[in-house]
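Below are the sequence and a predicted model for it; my questions follow.
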Amino acid sequence: MKVAVVKENAPGERRVALVPEMIPRLRGAGLDVLVESGAGAAAWFADSAYAEAGASVVSRAELLAGADLIVTVGKPAGQLVSELRAGQAILGMLSPLADPALAAALAARGVTAISLDGLPRTLTRTQSMDALSSQANVAGYKSVLVAAATFGRFFPMLTTAAGTARPAKVLVLGTGVAGLQAIGTARRLGAVVSAYDVRPQTKTEVESLGGTFIELTTVGSAAGEGGYARALSDEERQAQQAELTGHIARHDVIITTAQVPGRKPPVLVTEDAIKAMTAGAVVVDMAAGPLGGNVAGSVPDETVVTGNGVTIIGAGNLAATVPGASSAFLARNIATLLLYLVKDGALAIDPGDEIQAGVVITHDGAVIHPATAALLGEPAPEAGSPGGASS
């Protein structure tokens, strides 16, 4: 079986799906690895490093002609989708709940699609496959560095001959993996950090990192399934926004991380909250993307300065700005999942397996992932029926 690594071409994407370190691990399992020339260059992994590790460095045309399974960081571009053939497979962060049309297109071409972002995150044995968590860790770290670089004052308290500078007040909204990493990083830089999450059970984690947990009186617990927060009702959201506005106005830096898989991110920082902030304040919206963001007025991949001097940074893909570390983490996640899916040197699809049920989106010409199929208005095939059989 030939596993192929393509060069990413999405704007701003510098990561690569596999790094040279993982090649011997895959080859040890009987897999051949093809790498498109230049695939790792933006993350400082040279073609020669892949070749020395045992991979074959080839052109895009040679890669597509020989590949059985293609690994990618994010969603494949339309051109790549049109070049795939029936019987091939693709594995990456495909975001099927946000883009079910892509799943439909891959199914129509007879391509088996495997999406890392559907991994059941509550299973202990999937932790080493969890790309969402590994990339969120990097993004949470970088969000604080971006904020500090933009903020016009110091993060730590400094006492000098010229006077004393007070520490920056940082508020992190959302205390999942990215939020906790942001809290820890901001504390290491010397900031005074507060945090809020609709899941009150994260209070202990926040406090263990040196942060202060903000408890709102207007919104109860919103813990959901799979380690995520559930979506709030309209009434809960309005009450949350109103109470948060007062807290936001008292902080210098806001970092937002709240997302609900496949849905528009909740707006946590409203226009009124932005207007209440002081000039020079910085807001980093880590949820900014095609479906929206956590901050009113944020624009994906752009920095906006409001009329009252607040800088809003739409930073939905921060992991790509730390490509070496992000790629190394992602490659381990991909290799671990891939080796789980391979039996006797070939991809073995079993929709009845609890891990595969979350990650296998299309197979045998059909969308077999129930949630994605529902978005397309299609019934997902039962295991063992056409489109749901093992291979």
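Done, it's in. Residues are numbered from 1 along each chain as shown.

burial of the residue lying closest to residue 112 once chain neighbours are set aside, as a residue count?
Nearest non-adjacent residue to residue 112, counting by Cβ to Cβ, 6 or more residues apart in numbering: residue 89, 4.0 Å away. To be clear about C-beta, it is placed using only N, CA and C from the backbone, and glycine gets the same treatment. Residue 89 has 24 neighbouring residues, counting by other Cβ atoms under 10 Å.

Please apply the same query to the one 4 residues further on.
One way to gauge burial is a neighbour count; for residue 93, by other Cβ under 10 Å, it gives 20.

got the residue ranges for the helices in the stretch 101-250 of the chain?
Ranges of helices within the stretch 101-250 of the chain are 131-150, 177-188, 203-208, 234-249, based on DSSP state H, counting those that start in this stretch.

mind putting these in CSV, mean pLDDT and distance to residue 307 included?
Formatted as CSV, those follow (pLDDT from 0 to 100; distance: least, Cβ to Cβ, whole Å):
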stretch, mean pLDDT, distance to residue 307
helix 131-150, 97, 17
helix 177-188, 98, 27
helix 203-208, 96, 33
helix 234-249, 85, 16
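
Packed most tightly, which of these would that be?
Mean neighbour count (mean count of other Cβ atoms under 10 Å) peaks for helix 177-188 among those, with a mean of 25.

quick one: it to chain centroid distance?
Its chain's C-alpha centre lies 16 Å from the corresponding centre of helix 177-188 when counted by Cα atoms, centre = their mean, to the nearest Å.

before we move on, what about stretch 34-43?
21 Å.

Now it: average pLDDT?
For stretch 34-43, mean pLDDT rounds to 98.

what does stretch 269-284 give?
Stretch 269-284 comes out at a mean pLDDT of 96.

Mind listing what's buried along that stretch?
Along stretch 269-284, these residues count as buried under the neighbour rule (16 or more other Cβ atoms under 10 Å): 269, 270, 273, 274, 276, 277, 281, 282, 283, 284.

How about residues contacting it?
143, 146-147, 150-153, 173, 241, 244-246, 248-249, 251-256, 285, 294-298, 306, 308-313, 315 (Cβ atoms under 8 Å, 6 or more residues apart in numbering).

rewinding a little: same list as before, the buried residues of stretch 269-284 that is, but in TSV and with distance to residue 210 and secondary structure included.
Formatted as TSV, the buried residues of stretch 269-284 follow (distance: Cβ to Cβ, whole Å; DSSP: H, G, I helix; E, B strand; the rest coil):
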residue	distance to residue 210	secondary structure
269	23	strand
270	28	coil
273	25	helix
274	27	helix
276	26	helix
277	24	coil
281	22	coil
282	20	strand
283	22	strand
284	20	strand
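
any idea of the pLDDT on residue 230?
pLDDT at residue 230 comes out at 57.

Going forward, the N-terminal residue is numbered 21.
All right, first residue 21 from here; so that's residue 250.

Mind giving me the ChimeraX select for the contacts of stretch 289-304, buried ones only?
Filtering the contacts of stretch 289-304 down to the buried ones (16+ other Cβ under 10 Å) takes a single ChimeraX command:
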select :163,166,167,171,193,261,264,265,268,271,272,273,274,275,276,305,314,315,316,317,318,326,330,331,332,333,335
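
Just the ones in strands from the contacts of stretch 289-304, please.
Cross-referencing those against strands under DSSP state E gives 193, 273, 274, 275, 276, 305, 331, 332, 333.

Of those, which pair is most distant in space?
193 and 331 (16.6 Å; Cβ to Cβ).

Report how many residues lie close to residue 364.
Counted with other Cβ under 10 Å, the neighbours of residue 364 add up to 7.

now it: how far from residue 263?
Separation of residue 364 from residue 263 (Cβ to Cβ, to the nearest Å): 57 Å.

what's the burial count for residue 106?
11.

from memory it sits against residue 131, does it?
Yes. Between residue 106 and residue 131 there is a contact under Cβ atoms under 8 Å: 7.1 Å.

Helix or strand with the lowest mean pLDDT in the protein?
Within the chain, no helix or strand scores below helix 254-269, which has a mean of 85 by mean pLDDT, DSSP states H and E.

So which elements touch it?
strand 189-193, strand 212-216, helix 291-296 (3 or more Cβ pairs under 8 Å, 6 or more residues apart in numbering; DSSP states H and E).

do that again at 10 Å, thanks
Applying 3 or more Cβ pairs under 10 Å, 6 or more residues apart in numbering; DSSP states H and E, we find helix 254-269 packed against strand 189-193, strand 212-216, strand 273-276, helix 291-296.

Could you dump the ones you listed into a markdown table with distance to residue 82 added?
A markdown table is the format used below for the helices and strands packed on helix 254-269 (distance: least, Cβ to Cβ, whole Å):
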| stretch | distance to residue 82 |
| --- | --- |
| strand 189-193 | 46 |
| strand 212-216 | 49 |
| strand 273-276 | 43 |
| helix 291-296 | 51 |
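
Skipping adjacent residues, who's closest to residue 286 in space?
That would be residue 278: by Cβ to Cβ, 6+ apart, it lies 5.6 Å from residue 286.

roughly how far apart are that neighbour and residue 308?
Distance from residue 278 to residue 308, by Cβ to Cβ: 12 Å.
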